[in-house]
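Undergrad: With the sequence up front, the predicted model follows.
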Amino acid sequence: MVVFLVSAPGKEKGEYVKTKLTEKIGSAAKYMAFKLGLRQYARKSRRIIKEHFGFVRPFRKALAQSLFISHIENSYNLMQDYMRSYSEKNVQIVKQGAMPKEKSEPILVCVVKNDLRRVKEHLSHHRKIGVRHFAYIDNGSADGTDKWLKEQKDVSLFTVSEAYNGFRQRGWERQVLDIFGYDRWYLIVDSDEFFAYPGVESIPITQYISYLQSKKIEAVFAPMIDMYANGPVFNQGSDRGGLGFRDEYCYFDTDTYKIHTLRHTQRTIGGPRLRTYGLKNYLAKYPLIKVQKPYMPMTHDIYPFKLSRQTSGAAAFLLHYKFLSEDYDRFINWSNVPGSEIKAENDIYLQAYRDNPDLSFYYDGSCELTNSKDLLKINICDRAFFDGLSSFRLEK
């Protein structure tokens with residue numbers, strides 16, 4: 001029997017193991033134990049793939065690569081949540097809209113829960129950049145989010161009652177991809193992520209996708225740019241009640257982000273969370289993808305590995321509105337959820353606020369976002385990519 005895990009090229013696997021060895025393992029003895037552990041997880045992975053083979057067969061090679069990386073990054077058990085969630089097919093259709101006429105017209109896919117104010121801004125923004133088809137998956141909202149979405153003519157609405165974690169979310173999204181089909185473009189984002197690129201005001205997303213296709217790019221590397229206000233991180237009451245929070249949360253860092261290029265992917269760290277909390281969060285995703293059945297989009301990675309390095313830097317950005325005033329209560333709720341994979345991170349935010357309620361992301365180097373061209377000031381842009389996009393627009 002072929003061992004599925006060897007579908008990841010040996011050099012890629014070896015390079016990544018060495019990187020994690022330097023960061024986490026340290027000694028030769030621990031490295032040998034780690035390599036022996038890989039054999040055990042290879043057996044587990046083969047067994048898991050076999051158990052779910054009827055569901056995962058089309059993307060089993062991508063899944064094998066993902067299982068390998070999840071073992072290294074201590075999320076292996078959560079990957080099993082992904083497979084269970086996907087194979088149970090528990091996403092239910094509430095309302096399904098018309099299919100896009102062209103496969104180059106992207107379908108936005110987003111999981112939401114109790115986020116009505118942000119969802120209204122989210123839908124408005126993506127409509128403005130040219131998205132015409134939306135698929136929201138509601139995870140048990142009690143604030144009217146699901147009812148409001150059901151009234152929107154361009155929205156297909158789905159529901160799922162399973163308890164949330166990030167890996168289950170990817171399983172729910174995969175079920176929606178099964179419904180709408182493959183060999184088409186999807187924009188897979190969270191409700192606090194607003195997709196943007198320099199020139200977005202005059203270059204609609206369908207034209208942007210035409211440029212991607214001319215460059216044979218199927219997955220867009222998009223760092224998450226944390227947006228913040230000129231004031232305390234959790235300014236209780238400053239922006240409550242209104243929908244236009246983006247007018248206040250209009251500042252971002254331009255020179256504090258770094259890209260770590262690995263054999264299998266690109267990772268971005270930095271921004272105000274590194275400056276303020278010392279956190280090295282992974283701040284990049286592959287949100288815009290021409291998804292084929294063998295592909296496997298995950299939170300910060302895309303499998304197979306070959307899709308992850310099609311540009312030499314940022315080809316778009318996710319404007320990340322994670323720290324609105326009401327998110328203080330959201331972080332408290334998440335910290336009280338048993339087994340939450342983001343509890344430790346949320347506790348850091350909450351404790352920092354308790355220690356210093358006036359703590360702010362804003363500093364002398366903050367830049368105000370007045371239009372999308374300001375994004376070119378970010379130090380991790382793929383300049384050649386955006387120069388080509390501008391020229392492509394003029395030629396068309």
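TA: Received, thanks.
Undergrad: So what sits opposite residue 186 in the bridge?
TA: Residue 186 has the following beta-bridge partners by DSSP bridges: residue 107, residue 289.
Undergrad: could you measure it against residue 140, distance?
TA: 23 Å (C-beta to C-beta, to the nearest Å). (C-beta placed from N, C-alpha, C; glycine too.)
Undergrad: Compare the two (neighbour count), which wins?
TA: With neighbours defined as other C-beta atoms under 10 Å, residue 186 and residue 140 compare such that residue 186 has more, 22 against 14.
Undergrad: how near is that one to residue 386?
TA: 22 Å.
Undergrad: Helices of the stretch 151-300 of the chain, start to end?
TA: 166-180, 205-214, 245-248, 272-277 (DSSP state H, counting those that start in this stretch).
Undergrad: Just send those back as TSV, with mean pLDDT and distance to residue 154 too.
TA: Listed next are the helices of the stretch 151-300 of the chain as TSV, based on pLDDT from 0 to 100; distance: least, C-beta to C-beta, whole Å:
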stretch	mean pLDDT	distance to residue 154
helix 166-180	95	14
helix 205-214	96	14
helix 245-248	90	21
helix 272-277	96	34
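Undergrad: residues touching the nearest residue to residue 353 once chain neighbours are set aside, list them.
TA: Using C-beta to C-beta, 6 or more residues apart in numbering and skipping residues adjacent in sequence, the residue nearest residue 353 is residue 234, 5.4 Å away. The neighbours of residue 234, taking C-beta atoms under 8 Å, 6 or more residues apart in numbering as the test, are 323, 325, 327, 328, 353, 357.
Undergrad: do the same with residue 224
TA: Contacts of residue 224 by C-beta under 8 Å, 6+ apart are 193, 268, 283, 284, 285, 317, 318, 320.
Undergrad: at 7 Å instead, please
TA: By C-beta atoms under 7 Å, 6 or more residues apart in numbering, the residues touching residue 224 are 193, 283, 284, 285, 318, 320.
Undergrad: out of those residues, which are buried?
TA: 193, 283, 284, 285, 318, 320 (16 or more other C-beta atoms under 10 Å).
Undergrad: how about those residues in JSON lines, adding pLDDT and distance to residue 154?
TA: Compiled in JSON lines, those are given as follows (pLDDT from 0 to 100; distance: C-beta to C-beta, whole Å):
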{"residue": "193", "pLDDT": "98", "distance to residue 154": "19"}
{"residue": "283", "pLDDT": "94", "distance to residue 154": "30"}
{"residue": "284", "pLDDT": "94", "distance to residue 154": "28"}
{"residue": "285", "pLDDT": "96", "distance to residue 154": "23"}
{"residue": "318", "pLDDT": "98", "distance to residue 154": "21"}
{"residue": "320", "pLDDT": "98", "distance to residue 154": "24"}
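Undergrad: Now distance to residue 128 too, for these, in CSV please.
TA: As requested, the buried ones among the contacts of residue 224 are exported to CSV (distance: C-beta to C-beta, whole Å):
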residue, distance to residue 128
193, 15
283, 24
284, 24
285, 21
318, 16
320, 18
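Undergrad: Between those residues, which sits nearest residue 264?
TA: residue 284 (13.4 Å; C-beta to C-beta).
Undergrad: for that closest one, what are its contacts?
TA: Counted by C-beta under 7 Å, 6+ apart, residue 284 has contacts 221, 222, 223, 224, 266, 267, 268, 300.
Undergrad: Kindly recompute the last result at 10 Å.
TA: Shown in contact with residue 284 (C-beta atoms under 10 Å, 6 or more residues apart in numbering): 221-225, 257, 259-260, 265-269, 300-301, 308, 314, 317-318, 380.
Undergrad: separation between it and residue 210?
TA: 24 Å.
Undergrad: low-scoring stretches of the stretch 101-250 of the chain, by residue?
TA: Confidence mapping of the stretch 101-250 of the chain against pLDDT under 70 gives the ranges 236-243.
Undergrad: can you rerun that using 80?
TA: For the stretch 101-250 of the chain, residues meeting the criterion pLDDT under 80 lie at 235-244.
Undergrad: the strands in it, which residues?
TA: 107-112, 133-138, 155-159, 184-188, 193-196, 222-226 (DSSP state E, counting those that start in this stretch).
Undergrad: Mind listing residues that contact the fifth one?
TA: Surrounding strand 193-196, the residues in contact under the criterion C-beta under 10 Å, 6+ apart are 106, 108, 110, 118, 121-122, 124-126, 129, 131, 187-189, 205, 208, 220, 222, 224-225, 227, 246, 285, 287-288, 316-322, 369, 372, 375.
Undergrad: By neighbour count, sort out the buried ones in these.
TA: The neighbour-count test (16+ other C-beta under 10 Å) marks 106, 108, 110, 118, 121-122, 125-126, 129, 131, 187-189, 205, 208, 220, 222, 224-225, 227, 246, 285, 287-288, 316-322, 369, 372, 375 as buried among the contacts of strand 193-196.
Undergrad: Give me the neighbour count for residue 264.
TA: 24.
Undergrad: roughly how far apart are the closest residue to it other than its chain neighbours and residue 266?
TA: For residue 264, ignoring the flanking residues on the chain, the nearest one in space by C-beta to C-beta, 6+ apart is residue 305 at 4.3 Å. Using C-beta to C-beta, residue 305 is found at 11 Å from residue 266.
Undergrad: thinking again about what came up before, in strands, which of the contacts of residue 284 fall?
TA: Among those, the members falling in strands are 222-225, 257, 259-260, 266-269, 317-318 (criterion: DSSP state E).
Undergrad: tell me which of the buried ones among the contacts of residue 224 is nearest to residue 54?
TA: Scanning these for proximity to residue 54, where the rule is C-beta to C-beta, the winner is residue 285, at 28.9 Å.
Undergrad: got a list of what residue 232 touches?
TA: Here residue 232 is in contact with 238, 323, 325, 353, 356, 357, 358, 359, 360, 361, 362 (C-beta under 10 Å, 6+ apart).
Undergrad: If any of those are buried, give me the ChimeraX selection for them.
TA: Of the contacts of residue 232, the buried ones can be selected in ChimeraX as follows, counting by 16+ other C-beta under 10 Å:
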select :323,325,353,360,361
